[in-house]
Structure formats: C-alpha cells, structure tokens
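Participant: Have a look at this prediction, sequence included:
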Amino acid sequence: MSLAPFEFEGVSVRPGQRAVVEMPAAHLYTRTALSIPVHIVHGRRPGPVLLVCAAIHGDELNGVEVIRRLLTLGGLKRMHGTLVAVPVVNVFGFIHKSRYLPDRRDLNRCFPGSETGSLGARMAHLLKSRILDRATHAIDLHTGAIHRSNLPQIRANLDSPDTAAMARAFGVPVVINSVLREGTLREVAEAQNIPVITYEAGEALRFDETSIRVGVRGVVAVMRDLGMLTRRRQPEPMVQPAVANSSSWVRAEDDGVFRPLVALGARVRPGQLLGRISSPFGTDERDVIAPYSGILIGRNNLPLVNEGDALFHVARFDEVKDVAAQVEAFSQSIESEPPVAEDEAPILA
Ligand SMILES: [Zn+2]
C-alpha cells in the first residue's frame, strides 16, 4: 500500500514531494492579507509528523535561520515521515520586530486559544487546530528576550518519557526540567500527549552562529532518533545532558550602568563577583554577587539597568563542576566542527 498524500489547506503533497503552503492567518488594517508560510516535506515512507516552529515570539530570529538551513539538507529526500516547518509563527510580531502581537499579547500565552477570542486567541487556535493537532512530535525554537542572551539549552517536561528522549537526543549539555507555563504551545502539546521540547539559544533580534549551528544539529539529531533520518554509521559523540531542576535570576539591587564580568556557560560559586553596577559619572560601585553555585544559562546584555532588573540566570545542578566541563567541551567542539549544511558560510560575530 502506498503512502497517502499529506493534505494541508487544500494542497495535496505527495510522498517524496515538498511544498510551501501559505496558510491564511489574518489581515492588516490596510486589508492586506497576512499568511503564515508552512513548509511541508512529505517523505516516501511513513513515520512521525514533526512540527518545527520558530518566532512564536516575533523577534526571536535564530530559529528562523535554523529552519532555513534545515530545509536545505539533502538527507530530507530520503526522510521517513513528514516535516512540517513553520519559520515564522508570529508573522505580526516579525513584521514589527516585536515579541508580541498588535494587541500586546504574548502569542505563547494564548494557547489553546479560541475561534471567537482575542486576536492572540484566534491565532493560537488557528495554529493549534491546523498544525499542532496534526503533529506527532514538536520542537519550538526560541531565543532570550530582547537584550538577553541564553546559553543553548533545552527546556522540557522530563516526566514524560518520550519528551525526555527528545531532550536527550537534541544533544546539548544543559537541559532545564521546567514546569509547563500556562498558555504555551508546549503546555498544550503535552496535554495532547505530543512530545515537545523548547530550544532556547541566543538573543532576540540577533543571529548567533553557534546557537544556529547547535539548533540545526539538534533538530537533525532528534530526527535521527525518531527514525526520520538515517543514523550515522559511527555513533556521534553523545553529550550526556545535565538536568537542572531549578533556576533563578540574580537581580539588580541598584540602578545604574551594568558591567557583566562572567560569560554564558560559566560555572559560578556562591559569593563570586558576577558584575558591577555604577553611576555613569562617578566611582560608586555596587557588586553583583552570586547567591548560590550553578551554571550561567542567561544574561542581560543591556548596560542600563534599574533596581529589580534580571541580570544573570543561574541554573542549579547536583554536580556543577561536571556540567561546566561539559559545556566548555561542547562549545569547543561546535566551533571546530564543519556546519551541518555543506557550503553554508558562517555568520560572523
Ligand atoms: Zn521566546
């Protein structure tokens, strides 16, 4: 029996073929139609239906580039199953270089949404009913918020065995076992027993080559693990991800000009100096001190801070030393290895 075509929005994608389908999403107030481009790669053989999506926060761009590179890979010709890739979920935010929707809602707090609710609820409902509900697995690509960068990391609910397997397969050294925030795509997917992981890396409105490379490599590794792509003959050097069960932000205790003194991925110890806040004109300085030990997984990059601003995101691990060594070895291997896609010129910092 031959595999059925993948039907989507009136387009029939036959096995072994691919298509870009413009899914009508909304209108601008100029009445210009706004659509979400959905890339469908339908394999010749049956397998999982993997949703890979980015820019659900419209200003988070690394994932857009991850998907562009993913779609150039030659191995997709021999893929099992179906890849549904949505490079820009929040098209409104993308146009405005903004995280949010025009009604200032966060689309990733609007799921599952409804047909008659707010703009955010309607967009969420559309995405859920047309795309997410068709998927057997999902990977949601994010970056830090504006002026904040994240160490490449996976966030997932590790209580679900299939989700935990995806998180491991992605192959980054740091996995945050995180609670499911209400209204997120991740929460709704898990509620429907669709294994789902979130990849977080880099900063909003910026491209970061390492974050992009790690992202492409990770999605490919998950696709191999799910049997969608053929496994390499020699097993890849597997990173044993360390799982953090908690993390929190060290906040500014003063207003002023902020100088960070530790890099992402660094091991921090209680009492360690992480940064300084001073007045722009004088010498009065206030130290920012690490309250506990952990790994720096997120950092504020904006020098202008107010009291209470989040400065350093520190994740707690049982064996901090081992994680720090893993992170260090991993970032070196990423920098030295060739890009996953051949002929892909790196974006330079
Ligand atoms: Zn995000």
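Facilitator: Structure's in. What do you need?
Participant: residues in contact with Glu200?
Facilitator: By CB atoms under 8 Å, 6 or more residues apart in numbering, Glu200 lies in contact with His142, Thr143, Gly144, Asn150, Pro152, Gln153, Ile154, Arg155. (Glycine included, C-beta is placed from N, CA and C.)
Participant: and these near the ion, which?
Facilitator: His142 (CB under 5 Å from the ion).
Participant: what about Glu344, distance to Ser333?
Facilitator: Between Glu344 and Ser333 the distance is 17 Å, computed by CB to CB, to the nearest Å.
Participant: My error: substitute Ser149 in the last question.
Facilitator: Here Ser149 is placed at a distance of 20 Å from Ser333 (CB to CB).
Participant: List the buried residues in the helix or strand hosting Phe258.
Facilitator: Per DSSP states H and E, Phe258 falls inside strand 256-260. For strand 256-260, the neighbour count (16 or more other CB atoms under 10 Å) marks Gly256, Phe258, Pro260 as buried.
Participant: Of Ser149 and Ser333, give the one with the bigger neighbour count.
Facilitator: Ser149 (22 against 11; other CB atoms under 10 Å).
Participant: just to revisit the earlier point, out of the buried residues of strand 256-260, flag the one nearest to Arg286.
Facilitator: Checking the buried residues of strand 256-260 against Arg286 with CB to CB, the nearest one is Gly256 at 7.4 Å.
Participant: What's the separation between the nearest residue to the closest one once chain neighbours are set aside and Arg299?
Facilitator: Take Gly256 and drop its neighbours on the chain: the residue closest to it by CB to CB, 6 or more residues apart in numbering is Ile277, 4.4 Å away. Going from Ile277 to Arg299 by CB to CB gives 14 Å.
Participant: quick one, which of these two is more surrounded?
Facilitator: Arg299 (27 against 22).
Participant: Tell me if the more buried one really is in a strand.
Facilitator: Yes - according to DSSP: H, G, I helix; E, B strand; the rest coil, Arg299 belongs to a strand.
Participant: ok, whichever helix or strand Leu83 is part of: who's next to it in the sheet?
Facilitator: Applying DSSP H and E as the criterion places Leu83 in strand 80-86. Within its sheet, and counting by DSSP bridges, strand 80-86 is paired with strand 33-42 (antiparallel), strand 45-54 (parallel).
Participant: Fine, thanks again, bye for now.
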